[in-house]
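Student: what's the 3D shape of this:
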Amino acid sequence: MDPIPLPSHIHYELLLQLLERQTTLAGDRRPVIQDQLHQLIITLRKALAQQKQLEATCERHHIPVDYRWSLNEPNSESQASKDFLSLGQE
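Tutor: Model prediction:
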């Protein structure tokens with residue numbers, strides 16, 4: 001059974017830190033966007049919570065999960081192993 005690709009949790013953390021630390025400061029000076037900004041932060045927190053629920057369901061049903069760090073790495077582990085092994089042959 002192929003693993004289910006999901007974003008790594010670090011992606012949510014990075015976005016939340018950006019929004020909460022940097023964007024919120026700018027938004028505080030612009031009340032027009034302040035509510036939308038807070039809603040975006042809430043939405044990201046909900047998305048992470050929903051992903052964690054999905055991960056728990058996958059674990060209960062023995063479905064593997066493949067955490068993705070980038071859009072450009074469909075077979076990252078196998079490719080990284082091949083790249084590493086080929087270095088010694090050069």
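Student: packing partners of the top helix by length along the chain?
Tutor: In the chain, with assignment by DSSP state H, the single longest helix is helix 31-60. Helix 31-60 makes packing contacts with strand 4-7, helix 9-17, helix 24-28, strand 65-68 when contacts are defined by 3 or more C-beta pairs under 8 Å, 6 or more residues apart in numbering; DSSP states H and E. (Glycine included, C-beta is placed from N, CA and C.)
Student: same question for the first one, mean pLDDT?
Tutor: Strand 4-7 shows an average pLDDT of 93 in the prediction.
Student: so who does Leu6 touch?
Tutor: Gln51, Leu54, Glu55, Val65, Asp66, Tyr67, Arg68 (C-beta atoms under 8 Å, 6 or more residues apart in numbering).
Student: again, only this time at 10 Å
Tutor: Gln51, Lys52, Leu54, Glu55, Cys58, Val65, Asp66, Tyr67, Arg68 (C-beta atoms under 10 Å, 6 or more residues apart in numbering).
Student: quick check: it vs Gln36, distance?
Tutor: To Gln36, Leu6 is 27 Å away according to C-beta to C-beta, to the nearest Å.
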